[in-house]
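Trainee: Pasting the sequence and the predicted coordinates here, then a few questions.
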Amino acid sequence: MELGRFYDVYRLDVDIGKPITLNRVLLYKDTEGDFYWGHPFLEHVRVHATVLEHFRGPKVKSFKFKAKTKYRRLVGHRQEMTRIRIDRIELLDHKEDPTWTVNKDPLYALMKNVYAEKKCQGTNFAELAERVVYDDHYIPNPV
């Protein structure tokens, strides 16, 4: 992600002109050109963006055909999309608030546990899912 750049993502349930915060960042490039790769995500990078518009993506046509039976079906689909602009990329200090990611994004805590325990045989994913407390007002991040 770059500052000031536009991105098209799947439809977000946010009004036009409202700011959003993206907590799950996979890759970050600093001003010196160094890349930082998250496993599964970077813990202390937060992206602030603004919703610019909602629109429909290009039409995708799906055609079904069965030979010798006169069976033909043409189905079209247009995905609902949202265009966002990156306003600010925030880097947090580890000592500042070490639990901000878990508090803001409970799905991150689950994925971090899965990543840490994936080498173990017989990981019980149901137990991992029960450890995470979900907030009623949480909007998932498609990015």
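Mentor: Looks like it arrived, so ask away.
Trainee: M81 versus D8, what's the distance?
Mentor: In this view, D8 and M81 are 5 Å apart by C-beta to C-beta, to the nearest Å. Where you see a C-beta, it was placed from the backbone N, CA and C, and this is true even at glycine.
Trainee: what sits in contact with each of those two?
Mentor: Taking C-beta atoms under 8 Å, 6 or more residues apart in numbering as the contact rule, the neighbours common to D8 and M81 are G57.
Trainee: Just want to know which of these two has more residues nearby.
Mentor: Here D8 and M81 are set side by side on neighbour count (other C-beta atoms under 10 Å), and the busier one is M81, at 16 against 13.
Trainee: my read: T50 touches P19, true?
Mentor: Yes - with contact defined as C-beta atoms under 8 Å, T50 counts as touching P19 (5.5 Å).
Trainee: would you list every one of the strands in the chain?
Mentor: Remark: strands of the chain, listed N- to C-terminal, are 6-10, 19-22, 25-29, 35-42, 45-66, 71-91; assignment by DSSP state E.
Trainee: Identify the nearest residue to K61 in space, disregarding sequence-adjacent positions?
Mentor: When the adjacent residues along the chain are set aside, K61 lies closest to G76, with 5.2 Å between them (C-beta to C-beta, 6 or more residues apart in numbering).
Trainee: can you check H48 too?
Mentor: Using C-beta to C-beta, 6+ apart, the closest residue to H48 is R88 (4.3 Å).
Trainee: Same check on A49?
Mentor: Nearest residue to A49 in three dimensions, chain neighbours excluded: I84, at 4.3 Å (C-beta to C-beta, 6+ apart).
Trainee: swap in P58?
Mentor: Here the nearest residue to P58 in space, its sequence neighbours aside, is R78; by C-beta to C-beta, 6+ apart that works out to 7.2 Å.
Trainee: R83 bridge partners, please.
Mentor: Listed by DSSP bridges, the beta-bridge partners for R83 are D8, E53.
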